[in-house]
Each structure stands twice: as structure tokens, then as C-alpha cells.
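Asker: take a look and give me a structure for this.
(4 chains)
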Number of protein chains: 2
Amino acid sequence: MANIQDIARLAGVSTATVSRVLNSKKNVNDTTRKRVLEIMKQLDYVPNANAISLKKGETHLIGIITIAFSPIIVNFVRAFTMIAEKNGFTISLFITNGQPERELIALEMLKRKQLDALVCLIRSNEWNVIESYTHYGPIVTWQRLHSEKLPSVFMDQFQAYWNGLEHLYNKGYRKILSIYPMSVGLNTKERFRAHTKFFKQYGLAETNFPHFEDKISVHEGEEIAEWWMQQQDRPDAIFCANDEVASGITTVLRRSGVSVPGDLGVMGFDNSILAHLLDLTTIHYPIDQQAENAFIILQNQLIKSNCNLHSLEYQLIERSST
Amino acid sequence: MANIQDIARLAGVSTATVSRVLNSKKNVNDTTRKRVLEIMKQLDYVPNANAISLKKGETHLIGIITIAFSPIIVNFVRAFTMIAEKNGFTISLFITNGQPERELIALEMLKRKQLDALVCLIRSNEWNVIESYTHYGPIVTWQRLHSEKLPSVFMDQFQAYWNGLEHLYNKGYRKILSIYPMSVGLNTKERFRAHTKFFKQYGLAETNFPHFEDKISVHEGEEIAEWWMQQQDRPDAIFCANDEVASGITTVLRRSGVSVPGDLGVMGFDNSILAHLLDLTTIHYPIDQQAENAFIILQNQLIKSNCNLHSLEYQLIERSST
DNA sequence: TTGTATGCGTTATCAA
DNA sequence: TTGATAACGCATACAA
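Answerer: Numbers count the residues shown, from 1 in each chain, chains lettered A, B, ... in the order given. Have a look, this model is predicted:
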């Protein structure tokens, strides 16, 4: 495989000149440039990316860390990949499955300069661990966090959740059950806070239902539907952790002849393709723009630019499940 | 940022020794090793991955090319990422959106040695273009292809499609409409061949329905449902390109009071989460094992090993849509 | 067990 | 407009 020296030798110039041609600098004679390019073509010359990375200290590679692949995550990854590619970056994917050591692989790659930056969608290590790696390169998160070092494209879910509850209330539901996502997440905390405050403010009776947490899959939704059918004292509405759970609940119940929204109101979160398919009321948020913001933040740090971020807003999508 | 020379100087040894410690070679004195490690810790030494890649000519990075993110692709990516990580590789994702130039980014990275290998799930360039890059590193494909240079984990869909048609036939359906995926793909060719041969062999009357091709999304399924409802002379069963299309059709029809499978039999393909949710009859194939095979093939070429592949089999999953 | 020296393929500084 | 040469950070063949 030919390198820059081979080219230089055959073209009768120095490696410096070849390098100039390679990087399309203007200070090189036109005929020289042509000769060099000619030789390059003859030898099927290919620049070695690793040598360039070593020299320049950048790889144009950004890592994305996630715990798993839900539809909403897929959307984020898609949007982020698009804008990253448009700006000359490629992305590398790390699915941690919740194992801290897998996340450390990504963090270490940042440290070792194999990655220019990192997006942490759903973390597996403690925040302070992740934060300590910002020393080696910019990291942006999707989860909520107040940190100088770790910027976030998080959207506070309190108000959105409150609006969802209000919607259910206005539809006449009074025995509302909330299903929460990951217990470690701050989203869960905010939703719980909204739920509690809402119940107090609207004078709703406290329910005796179990506390559902860490429920995020279709399958878990299906189990909750089974649970619901076995109860005497049932919720009349369920505000789900996400659309997957809502989908699981809705399909099992409808299949059993239970009317959604008649017997039970079901509300999702995320506005994924599942909510569209099953016609579920849900909460939409601009994931594409969050992804773009994530990239812009990293880009700003990487090249010390200062582009503006998109502003973000929730939106309640009313469909037939409530 | 400290490098190997700083360590060497402070530890009073040569860079060679430091390198030996770094790579845990045994031929180094225990006390020397300890001293070196101590210094490393003091300076928070981090090996530079790019230097290593340059020196060794490998990055332990494998690219995955896809045109988009369907559930089945997500499954492949997930499975592949898992086994790759287990073997010390990380993966980099390229979503081409069907644009050949985006695919070329990945191929060029292979050429430039930033990628050790490539998995091409759904191509955007002509096969001969992709094939020409096998010169620079191993590439494995998911789509069907007979090539010495481009191994494939493809499963011939003729028999599977035939079985699906037989299932519909046995259920009493006679006016079967086939919806095909990408027109450029060989899967479409094989399915079409199965469909044609099946109709002839079972003496089924040729239908006058339009030819549906390139239909792969939920939304396109929804449109087909609208089309179906407007027809006088209708198919009594639809064999869909994938579960997304089947989902779109089924939900729109059921919402309009059409009975699936009573008025129309619907059959999916892929056995994705959507088929599970909507209880669709579909064709299952072992995507996880295909992913593992893809990795094993690459690994075999990369380190000249010779691991055996999983054997692969289709399976018809009967559910309530037929 | 350790050290010396060289190469991996570029970029960039400086001088010419 | 060009060239010589020193980095970039590490691995390794060879000598000691």
C-alpha cells in the first residue's frame, strides 16, 4: 500500500508537497499538483486515517451510549447520525445493556483519543464517574442533570406529566395509576412529584395500587394488563412510562374484550410509531431537535464555535385510548 | 498528557520496557514493572489509541451499513454489537438513507484503515462497487449474493415464502396478493418467483391487482388498507413485505370494522415486535444467529481462524391474522 | 531482563 | 513555491 513517501519519490517532490496537495493548500504550483495527483491515481494511493488522527489528535468519531434500543432511542440515534454525518463525523454505538463496564469501554475510548466526543443517552455508571471523563473530551447527556461539566439536552418532564394528568382528569378519570420508568432516573422522580402534587391539588383520593417502577417494555405492559384484569379495585386510567408499556396493556386488554378507553384510559409517552399504530394518546417531544442540540453542543466545544440551540416543547397528542 | 517517554524517563527505564509493561509481557522484572505502573498511575497515563492503531494497522472497529432502521435491522445491530463487544470490537453505524455517497463514507473508512471490517446490511451502491472494497478489508453482507469476495449470511427466501403461501392456501384463501419489499433486492425476486410458481402449481387464477413493490413502512401499509377498502374485486389475503406493512394494514382495517382474518387474511414477515403486538401470523428467521455468523465470518478473515457458523432455519409463526 | 534504534504515515515548522 | 526535518505516541527487532 503506497504511502506519502512513495508518492513523493515517484513525483520527484518532497513529502511536504504531497501533503500540501493532499490537503488542497493553495501554495503549490499547478503543474506540480497535477503530477502528484497523477502519481496518486496510478498507485491507488489512500491516506491512512490513523496517521492523520495521531498527528491531528482527532478522529471525527462520536460515540453514543445507550442502555438499549427503544423506538425513541432509535429516533435519536437516527437524527444524531444524520446531522453528524452532514458535518463530517461518524458515530459509534455502545449498547451497554445496563452493564457499567460496557459503558467504560466508550469512556476509555474517549480517553484514548479514539473518540472525539460522547453522547450519553442512558447511563449505567454513576454521574460522577462519567463526569470525570469530561476531562478528556466533551460529553453531552440526554438525561436530566445539573452540571457545569456535563451539558444536557434534557427536557423537564414535570410540566408535561402534569398536562397528561390534567388531560386524564378532564376526560373524567379519577383513579389514575402511574407507571414509572427506570427507578434510578430523574425522569421518574419528576413524574412522581407531578403525580403526587396533582393528586393533592385536585383532591384525588390516594389509591392503594402497588407502585410500578422500572416498567419499560411491551412485555411488562402485557403483565400489567393481566394484573389489571385480576383486580377488584381497579384504576380507571393508566399513565404509562412509555408507548411500549401502553401498547402492551392496550393490546392485551382489547384482545380480552376490555374497552380502551371505555373501561380503562391508557396514556403513553414518547409518541413513537407504536402510539401511532395503536392510536394511543401520548406525549410528544422533539427528539430530532434534541439530537441536533446534542450535536451542536459537542460541536461548539470541539471547535469553540457558538451555534444556537433549538428551543424545545412538549405536546400532548390526543388519540382514541383516553 | 503524558506519553510513554515521560513514563520511561521518570521511571528511569527505556520506552521499550514501558511498552512491555503496558502489554503485560512476562519478560520484565517485577520491581521494574511495579515502579513503572506506579509512575503511570501518578501521571494518569493513557495510551493513545491512534498511535497503536497506526503501529498495528488495526482499530478494532467494525462498521455496519444500513439504509434505515427497521425493527429487524435494530435486532441485527443489537445482536452484532453484543458479540462484537464480547470479542473486543466496537461498532460504528452508517445509516445511508439510500444515498450511495453516504455508503461510500463507510467504504472509504475501511480503505483508510479506520475500520477493520464492514457489515453491509442493505446496500446503496452497486455490488461491484462494494466488492471492489474487499481489497481493503473483509466485508460481509446480509442480502443475497453469490460472490467469492463478498460472503453473505443471507437465507434464501424462496422456500419460506412458499411455505407462507401454502399456509394461506390451507386456510382457504385463494385471491392472494403479494406485497414486495425493495425492487432492487434479490429477496423480492425470490418471493416473486415463489409466488408465480405457487399460483401455477396450485392452479390459482391470475389476479388483476396492481403490482405492489417497494412497500416497507407502516405508513405504506396504511395506504394499502385504504386501497383495499375502495376495491370491488378484492384480495382475500395479503402476504406483506414485512411486519410493518402488515401492521399498517391490519390496524387501519380493524379500526374500520373489517375483520382480520375474517374478511382479509394478513401475513407478515420478520417476526418483529409488531407482529407479536398485533398477533400477526408471520415468518420468523434467526436474525441473532445471522448477526453472529456475520461476526464470525469477519473474525475468521481478520485473524485467519476458522470457527463454524450457526445453521439457520425459517419458521412460520401462526397467529390470529390468518 | 533491559536498552537502542527504527518505523508506522502523516502534518507542520522553518528555512531556502 | 518548495524541501528538510522534527514531531505525533507507540511497538518491536536486534543487541547487549
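
Asker: buried set for stretch A:188-196?
Answerer: Judged by neighbour count (16 or more other Cβ atoms under 10 Å in any protein chain shown), stretch A:188-196 contains these buried residues: A:188, A:190-192, A:194-195. For glycine as for every other residue, the C-beta is placed from the backbone atoms N, C-alpha and C.

Asker: what about the residues you listed, which are in helices?
Answerer: Secondary structure of those is defined by DSSP state H; positions in helices are A:188, A:190-192, A:194-195.

Asker: which bits of the stretch 51-200 of chain A sit near chain B?
Answerer: A:51, A:53-54, A:57, A:59, A:61, A:69, A:74, A:77-78, A:81-82, A:85, A:90-95, A:97, A:102, A:105-106, A:109, A:111-114, A:136 (Cβ under 8 Å from any Cβ of the partner chain).

Asker: can you give me the strands for the stretch 201-322 of chain A?
Answerer: Using DSSP state E, counting those that start in this stretch, the strands of the stretch 201-322 of chain A run over A:237-239, A:265-267, A:282-284, A:315-317.

Asker: show me how to select, in PyMOL, the buried members of the residues of the stretch 51-200 of chain A next to chain B.
Answerer: In PyMOL, this line selects whichever of these come out buried by 16+ other Cβ under 10 Å:
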select buried, chain A and resi 51+53+54+59+61+69+74+77+78+81+82+85+90+91+92+93+94+95+102+105+106+109+111+112+113+114+136
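
Asker: out of the residues of the stretch 51-200 of chain A next to chain B, which are inside helices?
Answerer: Those of these lying in helices (DSSP H): A:51, A:53-54, A:74, A:77-78, A:81-82, A:85, A:102, A:105-106, A:109, A:111.

Asker: quick check: residues of the stretch 51-200 of chain A near DNA strand C?
Answerer: A:51-52, A:54-56 (Cβ under 7 Å from any atom of the strand).

Asker: residues near the residue in the stretch 201-322 of chain A positioned nearest to DNA strand D, how many?
Answerer: Proximity of the stretch 201-322 of chain A to DNA strand D (Cβ to the nearest atom of the strand) peaks at A:L302, 17.7 Å away. Using other Cβ atoms under 10 Å in any protein chain shown, A:L302 has 17 other residues around it.

Asker: contacts only, for it.
Answerer: Contact partners of A:L302, counting by Cβ atoms under 8 Å, 6 or more residues apart in numbering or on different chains, are A:58, A:116-117, A:138.

Asker: A:E206 too?
Answerer: Going by Cβ under 8 Å, 6+ apart, the list of residues near A:E206 reads A:F199.

Asker: now swap in A:T141 and tell me
Answerer: Contacts of A:T141 (Cβ under 8 Å, 6+ apart): A:119-121, A:123, A:130, A:150-154.

Asker: what pLDDT does it get?
Answerer: A:T141 is assigned 95 on the pLDDT scale.

Asker: let me know whether A:L54 touches B:K55 as I believe.
Answerer: No. Taking contacts as Cβ atoms under 8 Å, A:L54 lies outside contact range of B:K55: 9.3 Å.

Asker: ok, now how distant is whatever residue of the stretch 51-200 of chain A ends up closest to DNA strand C from A:G88?
Answerer: Taking Cβ to the nearest atom of the strand as the measure, the point where the stretch 51-200 of chain A comes nearest DNA strand C is A:A51, at 3.5 Å. Going from A:A51 to A:G88 by Cβ to Cβ, to the nearest Å gives 18 Å.

Asker: kindly report the same for A:I216.
Answerer: Taken as Cβ to Cβ, the span from A:I216 to A:G88 is 35 Å.

Asker: likewise for A:T81?
Answerer: 13 Å.

Asker: show me where the stretch 1-150 of chain A has its strands.
Answerer: A:61-66, A:90-95, A:117-120, A:139-141.

Asker: ok, which pair from the residues of the stretch 51-200 of chain A next to DNA strand C is furthest apart?
Answerer: A:A51 and A:K56 (9.4 Å; Cβ to Cβ).
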